[in-house]
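Student: pasting a predicted model and its sequence here:
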Protein chains: 2
Amino acid sequence: MTDSNAQQKPHDQMAAYLADDLVDVNVLIRARMASEHAPRIPEVTAHLVEAGGKRLRPMLTLAAARMCGYEGPFHIHLAATVEFIHTATLLHDDVVDESAQRRGRPTANLLWDNQSSVLVGDYLFSRSFQLMVETGSMRVLDILANASATIAEGEVLQLTAARDIATTEATYLQIVRGKTAALFSAATEVGGVIAGADETLVKALFDYGDALGIAFQIVDDLLDYQGQPATTGKNIGDDFRERKLTLPVIKAIAKADPEEHAFWKRTIEKGQQEEGDLETAIALLNKHGALADTRDEAIEWAAKSTAAITSLPDHPVKQMLIDLADYVVERIN
Amino acid sequence: MTDSNAQQKPHDQMAAYLADDLVDVNVLIRARMASEHAPRIPEVTAHLVEAGGKRLRPMLTLAAARMCGYEGPFHIHLAATVEFIHTATLLHDDVVDESAQRRGRPTANLLWDNQSSVLVGDYLFSRSFQLMVETGSMRVLDILANASATIAEGEVLQLTAARDIATTEATYLQIVRGKTAALFSAATEVGGVIAGADETLVKALFDYGDALGIAFQIVDDLLDYQGQPATTGKNIGDDFRERKLTLPVIKAIAKADPEEHAFWKRTIEKGQQEEGDLETAIALLNKHGALADTRDEAIEWAAKSTAAITSLPDHPVKQMLIDLADYVVERIN
C-alpha cells in the first residue's frame, strides 16, 4: 500500500483497487438501463444512476468476489444487479416518502411524475432480474429473490410502523434489516457465492454486509438530526417532518416524561407540527442522550461487521472492508 | 365431453377441468401472500387476490402444462407466479392511473394509500420471483425475467405515448404486447417449458398466448367505449377520462377532419374535457366505424391465437384453449 493510498478515504481506496471492474459495471449499467422503445426510461434512470451515487453496494459485490479469488465475468453482472435493485427502491421510496430531494438534487418524481418513478423502478427491477439470470447460478437467484422480498417487507413494515410511537427498537432493527441491510448482505454474499467460496467465507461475508448495512442506516438516521446538509445531501429534520420514527426518536420516547410523550404523539403520530417543533425534538434527543446512544449503537454494529471478517485469511480487500466499516461510522464523529 | 360441460362458458369449463390444480394454486397464493412481519401486506393482497379475479393467466399456465403431459408439482408454482406478477402490476397500474375502481370494487390505493400499493406490489413481485426460483428451471427464469422487462417497458411506453394523439397503431400494438400479451405468452410458454415439451410445442404455446393477450386487451379497450358496466366492472369512458389513447380512438383520429382532430387534441392531449365530450367521442368513433374496425381486429387476433395451436395433437385442453379464444372476443358481440 503506498502513502497516497493510505491518505485516501476507504471508499476511494476501494474504488481505486476495483477501478477496472467499476468501469465494466458502469458500461453494463448504461447498456442495460437503456430502452429501445421508451426513451423516458433512460432519462429517469440517468438522472439517478449518474447522480454521483457512491456505488457502495456494487463495490461490496466486486470486493467480495475479488477477495474470494473470482476470475470470471459475472461479478460485474451481480454488481450491476445490486445497483439496479438499489436504484429501483430509491425511485419507489421517493414516491412513498413524497421526497423532493435525493443526493442534493430534485427527485425523479418531482422532475417527471410519480407514475414514471413507479414504472421505471419496475423496469430496473426487471432488468436486474435479467442480469442475475445471466449468471446461471440458481443459488445467486435464490439469495437475491429472498433479499428482494425482505426489502419489500421491510418497506411495508416501515410504512405501518413509522408513525406509531409505540414502535420498539426491535421493530426498528427489523425494518432496517429489511430496507437497508438485506441488500448489503446479499451484495457481499453473492460475491462469495459466484466465486464458489466455501460456506464459512460466504457466511462471514453475509454477516459483514448485514452488520455494515445496519450501521450504515443507523448513521443515516442519526445524520438526519445532526448532519451537515452540504456533506450529506439531506435536509436536517426530513425524517421528523415525514414523521418517520427512527432510532434517535425511539430512544428519546423510551425516556420521555408525560409532557414529552404528548409532544411526540402530536408531532409524529398525529402529524400536527408547528414552527419550532424540530428544535424542540432535537433538544429532547440531546436531553436524553439519544443521539449519543444512537451513535454508540452504530459503532457497535460497525464493530460487529469487522469482527465477522477478522479471522478470514489476509487479503488486500479484507483490510479495505474493515476500513470501510470504520469509515461508515466516522461520518458521525 | 358431457352436455353440461358443453353449456358452460369456456372459462368455467377450463376451471372445472383444472379444478384440483386451481385449489393447489389458491393454497399456494394464500400461503405466499402472507407476511409474518407486515400485516398490511395480506390486507392489501387479499383485497385483490380474493376479489373474484378469473385466474385466467394462471389457468393458461396450468392448461399448457397439462396439455404437454406435465406430472410434476411446479406448474402450481408457475401459475401462482403469474398471478402474483399480474396482481403486482394491477397495484402499480392503479397508482399510475389514479383509478378508483377495479373489478367493481374500490382500488387498494383508495382503500389504503398509494404507498401501500407501490410497496405491496413490490412485495408480490419479489414473492413471484421466489416462487419461480423454486422451480429450479433457469429457462423459466429467463422467460419470466424477459417478460417482466417487456411488461414494465410497455407500461412506460404507454405513459409517454398515451396522451400523444400522433400515436400510431404500431405503437399501440407494442404497448399492448408489453402491458398485456407478454404475461399471457409467458404464462403459456412456461407451462410448456416446465413440462419439457419440444420446441415446436413451446413456440405454438407462446404464439397462442401472445395473440390471445392482444385480442384480450383490444376487447378490453373496446368495452371501455361500448361495454355494460354491470358486466365488465368498468365505467364507460374511463380511458377517455384518463386520456388514454386506445385503438378505437387511434382509428378515429386517423380518419378525423380538422375539426375532429381539434376535438381529440383538446380532450386527450390537453385534457380539457367538458360535459358531453364523452358522448361526442363515442359518436365520432361510430361515425368512422372505429368500434367495428377495432372489433374486427380483436377477432383477427383471436383467430391467430387458435391458428397457432390447431396443428397440435388432439388433447381435451387444446379444444378448451380454442374455445377460450373465441369466448374472449364473444364478449363484444
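Tutor: On my side now, so go ahead. Numbers count the residues shown, from 1 in each chain, chains lettered A, B, ... in the order given.
Student: now the phi/psi pair for the residue in the stretch 201-333 of chain A that chain B sits nearest to, please.
Tutor: Using Cβ to the nearest Cβ, A:E242 is the residue of the stretch 201-333 of chain A that sits closest to chain B, at 11.3 Å. Glycine gets a C-beta too; all of them are placed from N, C-alpha and C. When read as degrees, to the nearest 10, the backbone of A:E242 gives phi -80, psi 0.
Student: repeat that for the one 10 residues further on.
Tutor: Backbone torsions for A:A252, taken as degrees, to the nearest 10, come to phi -70, psi -40.
Student: how about A:T246?
Tutor: Torsion angles, degrees, to the nearest 10, at A:T246: phi -110, psi 180.
Student: quick revisit: okay, now the residue of the stretch 201-333 of chain A closest to chain B: neighbour count?
Tutor: 16 (other Cβ atoms under 10 Å in any protein chain shown).
Student: measure the nearest residue to it once chain neighbours are set aside to A:A166 for me?
Tutor: Nearest residue to A:E242, sequence neighbours excluded (Cβ to Cβ, 6 or more residues apart in numbering or on different chains): A:D97, at 5.8 Å. Distance of A:D97 to A:A166, computed by Cβ to Cβ, to the nearest Å: 22 Å.
Student: what about the two, which has more around it?
Tutor: More crowded of A:D97 and A:A166, by other Cβ under 10 Å: A:D97, with 19 against 10.
Student: these two touch, right, A:I76 and A:L28?
Tutor: Yes. Here A:I76 lies in contact with A:L28, judged by Cβ atoms under 8 Å, at a distance of 5.8 Å.
Student: just the strands from chain A, written as ranges.
Tutor: Using DSSP state E, the strands of chain A run over residues A:101-102, A:105-106.
Student: ranking those by mean pLDDT, which is last?
Tutor: Ranked by mean pLDDT, those bottom out at strand A:101-102, which scores a mean of 57.
Student: how far off centre is stretch A:167-186?
Tutor: Relative to the mean C-alpha coordinate of its chain, stretch A:167-186 is positioned 10 Å out (Cα atoms, centre = their mean, to the nearest Å).
Student: quick check: buried residues in that stretch?
Tutor: A:167, A:171-186 (16 or more other Cβ atoms under 10 Å in any protein chain shown).
Student: narrow the residues you listed to those in helices?
Tutor: With DSSP state H as the criterion, helices contain A:171-176, A:182-186 from among these.
Student: give me the subset of the buried residues of stretch A:167-186 touching chain B.
Tutor: Restricting those to those within reach of chain B (Cβ under 8 Å from any Cβ of the partner chain) leaves A:174, A:178.
Student: hmm, back to that, out of the ones in helices among the buried residues of stretch A:167-186, who's nearest A:D277?
Tutor: A:Y172 (21.4 Å; Cβ to Cβ).
Student: contacts only, for that closest one.
Tutor: Contact analysis of A:Y172 by Cβ atoms under 8 Å, 6 or more residues apart in numbering or on different chains lists A:245-247, A:250.
Student: okay, and the helix or strand of chain A with the least pLDDT?
Tutor: The least trusted helix or strand in chain A, going by mean pLDDT, DSSP states H and E, turns out to be helix A:3-7, with a mean of 51.
Student: okay, now the nearest residue to A:A298 once chain neighbours are set aside: neighbour count?
Tutor: Once flanking residues are discounted, A:A298 sits nearest to A:I218: 4.1 Å by Cβ to Cβ, 6+ apart. By other Cβ under 10 Å, 29 other residues sit near A:I218.
Student: A:E134 too?
Tutor: A:E134, neighbours per other Cβ under 10 Å, totals 15.
Student: measure A:L78 to B:E83 for me?
Tutor: Here the distance between A:L78 and B:E83 works out to 29 Å (Cβ to Cβ).
Student: same question but for A:G121, I mixed them up
Tutor: Counting by Cβ to Cβ - A:G121 and B:E83 are separated by 21 Å.
Student: low-confidence ranges in the stretch 201-333 of chain A?
Tutor: For the stretch 201-333 of chain A, the stretches with pLDDT under 70 are A:227-234, A:333.
Student: which two in the contacts of A:Y172 are spaced the farthest apart?
Tutor: Within these, A:L245 and A:L247 form the most distant pair, 8.8 Å apart (Cβ to Cβ).
Student: which one of the two is surrounded by more residues?
Tutor: Shown here are A:L245 and A:L247; by other Cβ under 10 Å, A:L245 has more neighbours (25 against 21).
Student: list the contacts of the more buried one.
Tutor: A:L245 touches A:161-165, A:167, A:172, A:268, counting by Cβ under 8 Å, 6+ apart.
Student: once you drop chain neighbours, what's closest to A:K265?
Tutor: Nearest residue to A:K265 in three dimensions, chain neighbours excluded: A:I165, at 5.9 Å (Cβ to Cβ, 6+ apart).
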